[in-house]
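Colleague: Sequence and predicted structure, then a few things I'm wondering about:
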Amino acid sequence: MELQPNPGKSLTIDVDGEIWARYPIRTHVIRPGEDIVGVAERYAKPHLREGDYLFVSEKVVAIAQGRAYPIDEIRPSLWARLLSKFVTKSPHGIGLGSPWTMELAIREAGLPRILLAASVAALTKPLGIRGMFYRVAGRNVAAIDGPTPYTLPPYNRYAKLPPKDPDEVARRMAERLGVRVVIVDANDLGVEALGLSDPDISVEFVRKVFRDNPLGQASQRTPLCVVRRVR
C-alpha cells in the first residue's frame, strides 16, 4: 500500500498488545450536497481488505449533509454572544468559544438545555469536576465546531453541526464497501465515535487506535483512514 502517514504522525499504534496501521486517504475538498458514501467508495475501496475498518471524519459527513454554515450567514443571539464568553478557549479547536458555534448549539439543543448545562458547569467546575456542560447539553453539542485559521479553506470561515444519523451513514458505507465503518470525531484533545456500522464495534478500541489523531486537524485533506491490524 502506497498510503503514507500524515507529517508528524505515526503509521502504527499499539492497542492492547496488537499493532494497528492507520492509512490516511487524501480526497478532494468535500462540498455540501455530495454523496459521501460515493466519496468513500471512490477513494477508499481500492485500498480496503477483508477485516479492515474505515474511519471517516465526522466533519466531511456533516459538510456533505449541508450542516456546515458560513459564519457570515449565522446571526448569533444575545444569549449566544454572552454564553460564548465563558467557554474556555483551546488551541485544539474553537468548540463553543465563539458566538457562531454557541448559536448553533442553542439551535440544536434549545436554549433551556444550554442554560441548564451552563449552570451545572458553573457549579461543578470550582469543585474540579469538568465536562459537565457537555454531559448535560449532549453529544451533538459536543461535536459542534467553528472556524480556525488552520482549517482548510473555505471551511476556515464556517461553523458546523454534527452529522445527522451518523450510524445510518456508517451502515450505508459498510454495505457498499464490505468493511466496518466508524464516523469519528477526533482532535488533539480526544476521540469520540459518533457513528458505528455495527453496534459490536468497541468504542474503547476506537478511542485507543485513534488516540493520537492520525488524520490531523489542519489542512491535511485526509478525512478517510483505513485501519488495519498488522501484527
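Modeller: Great, that's in hand. Numbers count the residues shown, from 1 in each chain.
Colleague: From the recorded domain assignment, give the ranges for this structure.
Modeller: 12-67+163-229, 72-160 (automatic domain parsing).
Colleague: For stretch 65-74, list every residue counted as buried.
Modeller: Using 16 or more other Cβ atoms under 10 Å as the test for burial, stretch 65-74 gives 65, 67-69, 71, 74. Just so you know, the C-beta spots here come from the backbone N, C-alpha and C atoms, and that holds for glycine as well.
Colleague: Stretch 187-201 now?
Modeller: So, applying 16+ other Cβ under 10 Å, buried residues of stretch 187-201: 187, 191-197, 201.
Colleague: Mind picking the two most distant members of the residues you listed?
Modeller: Asn187 and Ser197 (22.1 Å; Cβ to Cβ).
Colleague: Mind jotting down where the helices sit in this structure?
Modeller: In the chain, the helices defined using DSSP state H lie at 36-44, 58-64, 78-84, 99-109, 111-124, 132-137, 139-142, 166-177, 203-209.
Colleague: what about the ones you listed, which gets the closest to Arg221?
Modeller: helix 58-64 (9.8 Å).
Colleague: Low-confidence regions, this protein specifically.
Modeller: The model of the chain has pLDDT under 70 over residues 1, 89-93, 188, 217-220.
Colleague: Can you give me the distance of the spatially most central residue of it to Ile129?
Modeller: What sits nearest the mean C-alpha location of the chain, by Cα atoms, centre = their mean, is Asp185, with 2.4 Å. Asp185 is 22 Å from Ile129, where distance means Cβ to Cβ, to the nearest Å.
Colleague: I'd like to know how many residues surround Val15.
Modeller: By other Cβ atoms under 10 Å, 18 other residues sit near Val15.
Colleague: For Val226, the count of nearby residues, please.
Modeller: 20.
Colleague: no, scratch that, I was asking about Pro112
Modeller: Look at Pro112: counted by other Cβ under 10 Å, it has 9 neighbours.
Colleague: Can you name the residues that contact the closest residue in space to Ser197 that isn't next to it in sequence?
Modeller: Excluding the flanking residues, the one nearest Ser197 by Cβ to Cβ, 6 or more residues apart in numbering is Ala174, at 3.6 Å. Residues in contact with Ala174 (Cβ atoms under 8 Å, 6 or more residues apart in numbering) are 180-181, 197-198.
Colleague: From those residues, which land in strands?
Modeller: In strands, judged by DSSP state E, the following of the contacts of Ala174 are found: 180-181.
Colleague: of all the contacts of Ala174, which comes closest to Gly95?
Modeller: Relative to Gly95, the closest of these is Val181; by Cβ to Cβ it sits at 25.7 Å.
Colleague: Tell me, how many residues neighbour the closest one?
Modeller: Neighbour count of Val181, defined by other Cβ under 10 Å: 29.
Colleague: Please apply the same query to Tyr53.
Modeller: 22.
Colleague: thinking it is in contact with Val184, fair?
Modeller: No. Under the criterion of Cβ atoms under 8 Å, Tyr53 makes no contact with Val184, lying 10.0 Å away.
Colleague: So for these two, which residues contact both of them?
Modeller: Both Tyr53 and Val184 lack any common contacting residue under the criterion Cβ under 8 Å, 6+ apart.
Colleague: which ones are touching Ile63?
Modeller: Ile63 neighbours (Cβ under 8 Å, 6+ apart): 30-32, 155, 160.
Colleague: rerun that using 6 Å as the cut-off
Modeller: By Cβ atoms under 6 Å, 6 or more residues apart in numbering, Ile63 lies in contact with Ile30.
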